[in-house]
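K.L.:
with the input below, show me the fold.
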Amino acid sequence: MNESDLVIMGAGAKSAAIATKVHALNTLGLGPIRLTIVEATEPAASWSGRNGLTSGSESLAVTPVKDVGFPYQSYQTFGEHGDAIDRVMILFSWHQHLIATRRYARWIDAGLPAVQHREYGQYITWLLSQATEGVNIVHGRVTRVSLQRDADRWVVDVTRPSGQAHYRCPALMLTGPGVHRPISHDPDVAARIFHCDSRRVEFSRIPRDRSCEVAIVGGGESALSALALLRRSRPDALFTVYTPNLPMSRAESFLENRVFSNPDDVAWSSQSLESRRDFVRHSDRGVFDPQTLSEIAYDDNCRFVTGRVTHVASADIEGRVRVHCESAAGAFADEHDYLVNCTGFDLLEQLRELLPANTRAEVDRQVGGLWERPPSAEIPIGRSLELKGLCPRLHIPGLAGLSQGPGFANLGSLGVLSNRVLEPLVSGGRSQDGRSGGSNAACAGSAPETVMPEAAGDAAEPAFSE
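P.N.:
Here you go, the predicted structure:
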């Protein structure tokens with residue numbers, strides 16, 4: 001059994017931020033912290049353009065200067081050690097990456113242009129190659145996550161090319177988008193429906209040699225990524241984007257950026273639930289990138305339809321699909337050749353698929369009705385971006401936007417994210433207002449106990465496994 005203090009599923013931007021912070025903490029003698037990152041495909045898989053809908057050529061929605069150390073305010077979490085931590089983190093900045101790859105002067109002279117997804121993926125890959133102190137990256141796929149009896153530990157089963165491996169840890173973090181949300185459809189049209197996580201080779205079913213009509217369902221970044229990708233590869237196609245709300249572009253004023261950068265600066269958690277929902281809805285979810293929108297502004301082959309798709313059925317003409325939609329003006333239907341479901345992802349469903357039945361039941365008991373919550377219900381996420389009430393800790397930053405701040409669900413505050421997740425594992429970690437160890441610190445112990453190999457033991461077998 002391999003011991004780790006934190007296991008992260010997926011080697012993306014959030015993992016890179018935590019890996020570099022672990023490196024900094026261990027280098028400064030504030031550990032030891034043992035981090036294991038499990039990646040099934042490749043580092044920065046969602047950014048390279050080789051996986052899923054993104055082509056890699058889309059522009060990054062935020063400036064890369066908001067790098068893994070941003071906003072460099074670690075004193076708010078680690079007190080007197082914060083400045084030293086930030087000095088180490090500067091070595092992992094976007095600027096240092098450009099210097100190391102000999103592109104710094106060119107980027108500056110070009111006027112700090114927006115970077116492409118694949119360029120940001122190169123940055124993530126570079127970060128993971130540089131963060132070495134206490135960081136272990138495992139090539140494999142997590143197949144099962146269970147609880148170990150009486151030890152307050154997760155047991156993470158990983159299938160590697162060399163065989164099975166098992167990792168025991170007091171804290172687990174789930175990254176990535178999750179599992180795509182299904183869309184109601186007739187079984188016989190399934191072959192004509194694609195999803196947010198469809199591999200690009202699957203889109204070869206859409207013909208290149210003739211015009212066709214493609215429906216895209218969704219009102220956010222995934223829908224726009226699908227439109228950008230298919231518009232380039234199928235320039236003769238006609239695209240219809242079904243979005244539940246009027247299309248909006250993201251505004252980035254000083255005040256909005258401040259909320260993303262550090263939610264504590266605006267006392268995010270003390271804002272009313274209605275105010276927080278409204279901010280997330282208008283600044284993060286259901287908004288489109290202005291630059292990509294400008295590219296299709298005069299494209300007659302692209303149109304937007306306001307409404308909520310309720311079902312996809314077989315059309316009267318063989319080989320087509322009928323999209324049923326509801327809007328303020330009433331129900332209507334239209335026909336297309338193919339449909340791309342970009343209605344979003346479900347992180348909890350991804351987690352549900354990994355947990356055996358007894359573990360799901362125990363999580364439900366501790367958290368209180370987690371699995372049966374309606375989609376609109378707020379998930380209880382604590383200050384350490386953990387599922388509140390659950391022991392051992394389970395960090396899910398992708399679900400923390402509403403409870404803890406909108407930047408945690410994206411790239412808005414990677415430095416604060418890593419501080420929040422690692423605070424319970426650091427001896428003496430204490431925020432400015434006296435908080436220590438996060439809301440679940442007691443269940444897994446505080447450093448140094450949780451980070452020393454002797455504390456983990458090697459006895460019990462997984463408890464809630466089937």
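
K.L.:
C-alpha only now, for contacts and for neighbours.
P.N.:
Will do.

K.L.:
what is the burial count for Arg106?
P.N.:
11 (other C-alpha atoms under 10 Å).

K.L.:
who's in contact with Arg308?
P.N.:
242-244, 325-327 (C-alpha atoms under 8 Å, 6 or more residues apart in numbering).

K.L.:
mean confidence for the helix or strand in which Ser15 is found?
P.N.:
For Ser15, the element it lies in under DSSP states H and E is helix 13-27. Average pLDDT, helix 13-27: 98.

K.L.:
then that helix to CSV, C-alphas only?
P.N.:
This file holds the C-alpha atoms of helix 13-27, laid out as CSV (Å, rounded to 0.1, in the frame of the first residue of the first chain):
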residue,chain,number,x,y,z
ALA,A,13,-4.0,23.3,-13.9
LYS,A,14,-5.3,22.8,-10.4
SER,A,15,-3.0,19.9,-9.9
ALA,A,16,-0.1,21.9,-11.2
ALA,A,17,-0.9,24.7,-8.8
ILE,A,18,-0.9,22.4,-5.8
ALA,A,19,2.2,20.5,-7.0
THR,A,20,4.2,23.7,-7.2
LYS,A,21,2.9,24.8,-3.7
VAL,A,22,3.8,21.4,-2.2
HIS,A,23,7.3,21.8,-3.8
ALA,A,24,7.6,25.3,-2.2
LEU,A,25,6.4,24.1,1.2
ASN,A,26,8.7,21.1,1.3
THR,A,27,11.7,23.2,0.1
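
K.L.:
what does it contact?
P.N.:
8, 31-35, 37, 44, 68-69, 85, 88-89, 92, 124, 127-128, 130-135, 175, 411, 414-415, 417-419, 421-422.

K.L.:
out of those residues, which are buried?
P.N.:
8, 31-35, 37, 44, 68-69, 85, 88-89, 92, 124, 127-128, 131-135, 175, 411, 414-415, 417-419, 421-422 (16 or more other C-alpha atoms under 10 Å).

K.L.:
tell me which of those fall in helices.
P.N.:
85, 88-89, 124, 127-128, 414-415, 417-419, 421-422 (DSSP state H).

K.L.:
under the pLDDT cut-off, which ranges of the stretch 151-300 of the chain? List them.
P.N.:
151, 200, 246-253, 284-292 (pLDDT under 70).

K.L.:
what's the PyMOL syntax to select whichever of the contacts of Arg308 are buried?
P.N.:
A single PyMOL command suffices to select whichever of the contacts of Arg308 are buried according to 16+ other C-alpha under 10 Å:
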select buried, resi 242+243+244+325+326
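
K.L.:
any chance of CSV for the contacts of Arg308, columns distance to Ala361?
P.N.:
Output for the contacts of Arg308, formatted as CSV (distance: C-alpha to C-alpha, whole Å):
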residue, distance to Ala361
Tyr242, 37
Thr243, 36
Pro244, 34
Cys325, 36
Glu326, 36
Ser327, 38
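
K.L.:
nearest to Gln404 among the contacts of Arg308?
P.N.:
Pro244 (25.7 Å; C-alpha to C-alpha).

K.L.:
just list whatever residues bridge to Ser327.
P.N.:
Beta-bridge partners recorded for Ser327 (DSSP bridges): Gly330.

K.L.:
what sits against it?
P.N.:
Neighbours of Ser327 in contact, by C-alpha under 8 Å, 6+ apart: 306-308.

K.L.:
and for Thr310, the neighbour number?
P.N.:
For Thr310, using other C-alpha under 10 Å, the count is 15.

K.L.:
do Phe279 as well
P.N.:
17.

K.L.:
pretty sure it is in a strand, no?
P.N.:
No - Phe279 is assigned helix when assessed by DSSP: H, G, I helix; E, B strand; the rest coil, not a strand.

K.L.:
any idea how far it is from Pro380?
P.N.:
Distance, Phe279 to Pro380, using C-alpha to C-alpha, to the nearest Å: 18 Å.
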